[in-house]
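Peer 1: Dropping the sequence and predicted coords here.
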Amino acid sequence: MLDMKFLRTNPDIVKENIKKKFQDEKLPLVDEVIELDKQFRDAKLKGDELRAQRKAKSKLIGGLMAKGQKEEAEAVKAEVSAMGDELTALEQKEAEMQQEIKKIMMIIPNIIDPSVPIGKDDSENVEIEKFGEPFTPDFEIPYHVDIMEKLNGIDLDSARKTSGNGFYYLCGDIARLHSSILSYARDFMINRGFTYYIPPFMIRSDVVTGVMSFAEMEGMMYKIEGEDLYLIGTSEHSMIGKFIDTILPEENLPQTLTSYSPCFRKEVGAHGIEERGVYRIHQFEKQEMIVVCKPEDSMAWFDKLWQNSVDFFRTLDIPVRTLECCSGDLADLKVKSLDVEAWSPRQQKYFEVGSCSNLGDAQARRLGIRVRKEDGTKYFAHTLNNTVVAPPRMLIAFLENNLNEDGSIRIPEALRPYMGGMEVISVPVK
């Protein structure tokens, strides 16, 4: 959410930013909210004047009564009462306008960073760099569900019976591999100086609307019926929400956190065979990284965060690339975003396995996350988040890039301590 003062004094910048995001339907909102803000400030000024007048007249009443001027005192009382009624109506109007201003400001997109490429949608995202050589073996790589089934590692049929489409049972060595990857990701981030958290898996609506747009919330999150609680779609929601309405001493920044959680999402794909199986699902587990920092440090942290993901995947022998999200592909709260994509030898292309985002002060402004400087002045923090790893989707890349011709799976050295020293997941003998 933008600062109202910034929007009021820089309407052309805000409008140009809306155009860069190809959201021209939002252009009228800028003038509309400026006019509402003017009416609100006028009403507030009038209210302040009325309060001062009422206070002055209230003081007169006692003096008039002391002088025995009862009739004059009653007349002033009537004036004070009328002023009170006017103030009540004015305060209600102020509250309504303030709510409407907030509603519009939540819709107007954040100002994107000048480095963001301009484009309408994800088809115009820009490849930045590749890490590792994409490799395709000289044998056919089966669909990831077939790889898992050959290893007795997945049961989709039973999951459909218990829960419907978009769910799965992982079992045996594949389930162990899934858990090992998360444990390795946890330690990987701890070793890079991040504090490990397991957050609440449900959050209240004021946190939800603080960390994401209403449209995103409706499309992603499950609401708990009869309660003001939502299942989280990612632990970033809980972790940023942890700081709601707090004032952080500047010397305590940056806050660098890494969190594990299950994630729950409404989305489930029906876009061809590659997005069935465990690619788009209703539940998955994830290791996330979150940073709360000073504004001047946020771009440096952005680069550190996506580099962490690249380094993690390379230790597992998975080639990746980074893709800069263009203006039209950025969620409204984001200043800058970059996707990390893993190589799929089966599909002969890269696919998304993580997303790194700098949200500037948008989340902090919505949630009231402020920083206190040594001199006592306060400002809004910047927040960032990035995926370390999100299996089971990441398992697709892992299995394809570590598959042997006989159907067994090579375990990279970094992961072996978490797999009990296992070097290969072998195909069970029938």
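Peer 2: That came through, no problem. What you see is a predicted model, and the numbers here were worked out from it, not measured in a lab. Numbers count the residues shown, from 1 in each chain.

Peer 1: The least confident helix or strand in the chain by mean pLDDT: which residues count as buried?
Peer 2: Least confident helix or strand of the chain, by mean pLDDT, DSSP states H and E, is helix 214-220 with a mean of 73. By 16 or more other Cβ atoms under 10 Å, the buried positions in helix 214-220 come out as 217, 220. All C-beta spots, glycine's among them, are computed from the backbone N, C-alpha and C.

Peer 1: again with stretch 140-159
Peer 2: Buried residues in stretch 140-159, counting neighbours by 16+ other Cβ under 10 Å, are found at 141-142, 144-145, 147-148, 151, 153-154, 156, 159.

Peer 1: And stretch 294-302, by the same measure?
Peer 2: Neighbour counts over stretch 294-302 (16+ other Cβ under 10 Å) mark 298-299, 301-302 as buried.

Peer 1: what's the farthest-apart pair in those?
Peer 2: Distance extremes for the buried residues of stretch 294-302: the farthest pair is Met299 and Trp301 at 7.3 Å, using Cβ to Cβ.

Peer 1: what residues are shared contacts of these two?
Peer 2: Counting by Cβ atoms under 8 Å, 6 or more residues apart in numbering, the shared contacts of Met299 and Trp301 are Asn358.

Peer 1: Same list, the buried residues of stretch 294-302, but as JSON lines with secondary structure please.
Peer 2: Formatted as JSON lines, those follow (DSSP: H, G, I helix; E, B strand; the rest coil):
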{"residue": "Ser298", "secondary structure": "helix"}
{"residue": "Met299", "secondary structure": "helix"}
{"residue": "Trp301", "secondary structure": "helix"}
{"residue": "Phe302", "secondary structure": "helix"}
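
Peer 1: okay, those residues in CSV with pLDDT next?
Peer 2: Shown next, in CSV, are the buried residues of stretch 294-302 (pLDDT from 0 to 100):
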residue, pLDDT
Ser298, 97
Met299, 98
Trp301, 98
Phe302, 98
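
Peer 1: Could you save those residues as TSV and add columns showing distance to His178?
Peer 2: Shown next, in TSV, are the buried residues of stretch 294-302 (distance: Cβ to Cβ, whole Å):
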residue	distance to His178
Ser298	33
Met299	34
Trp301	29
Phe302	29
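
Peer 1: returning to what we had before: give me the next element, helix or strand, following the least confident helix or strand of the chain.
Peer 2: strand 230-231 (DSSP states H and E).

Peer 1: Please name every helix or strand in contact with the helix or strand just after that following strand.
Peer 2: Scanning forward in sequence from strand 230-231 by DSSP H and E, the next helix or strand is helix 235-241. Under the contact definition 3 or more Cβ pairs under 8 Å, 6 or more residues apart in numbering; DSSP states H and E, helix 235-241 sits against strand 202-203, helix 205-211, strand 255-264, strand 283-293, helix 362-367, strand 382-389.

Peer 1: and the helix or strand that helix 235-241 is followed by, average pLDDT?
Peer 2: The helix or strand immediately downstream of helix 235-241 is strand 246-249, counting by DSSP H and E. Taken as a whole, strand 246-249 has a mean pLDDT of 98.

Peer 1: again with stretch 367-376
Peer 2: Mean pLDDT, stretch 367-376: 96.

Peer 1: closest one to Leu323 among the helices and strands packed on helix 235-241?
Peer 2: Leu323 sits nearest to strand 382-389 of all the helices and strands packed on helix 235-241, at 13.5 Å, using Cβ to Cβ.

Peer 1: Neighbouring strands of the closest one in the sheet, and parallel or not?
Peer 2: Note on strand 382-389: by DSSP bridges, its sheet partners are strand 283-293 (antiparallel), strand 349-358 (antiparallel).

Peer 1: pLDDT of the shortest one, averaged?
Peer 2: Strand 349-358 carries an average pLDDT of 95.

Peer 1: Show me which residues of that strand are buried.
Peer 2: Of the residues in strand 349-358, 350-351, 353-358 count as buried by neighbour count, 16+ other Cβ under 10 Å.

Peer 1: And it, how far out from the chain middle?
Peer 2: 14 Å (Cα atoms, centre = their mean, to the nearest Å).

Peer 1: if we can go back for a sec, JSON lines please, covering the strands paired with strand 382-389 and showing distance to Glu400.
Peer 2: Listed next are the strands paired with strand 382-389 as JSON lines, based on distance: least, Cβ to Cβ, whole Å:
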{"stretch": "strand 283-293", "distance to Glu400": "18"}
{"stretch": "strand 349-358", "distance to Glu400": "10"}
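
Peer 1: closest one to Asp24 among these?
Peer 2: Taking Cβ to Cβ, strand 349-358 is the member of these nearest to Asp24, at 24.1 Å.

Peer 1: Give me the residues contacting that closest one.
Peer 2: Strand 349-358 is touched from outside by 113, 298-299, 301-302, 305-306, 309, 313, 320-321, 323, 331, 334-344, 382, 384-390, 393-394, 396-397, with contacts defined as Cβ under 8 Å, 6+ apart.

Peer 1: before we move on, which element is the residue nearest to Ala159 when sequence neighbours are not counted in?
Peer 2: Computed as Cβ to Cβ, 6 or more residues apart in numbering, the closest residue to Ala159 that is not its neighbour in sequence is Phe167, at 4.2 Å. Using DSSP H and E, Phe167 maps to neither a helix nor a strand.

Peer 1: Now do the contacts for Phe167.
Peer 2: With contacts defined as Cβ under 8 Å, 6+ apart, the neighbours of Phe167 are 159-160, 281-283.

Peer 1: hmm, which two among these are most spread apart?
Peer 2: Arg160 and Gln283 (14.0 Å).

Peer 1: In this structure Asp339 contacts Cys325, no?
Peer 2: Yes: counting by Cβ atoms under 8 Å, Asp339 touches Cys325, with 6.4 Å between them.

Peer 1: Overlap in contacts, those two.
Peer 2: Shared contacts of Asp339 and Cys325 (Cβ under 8 Å, 6+ apart): Asn125.
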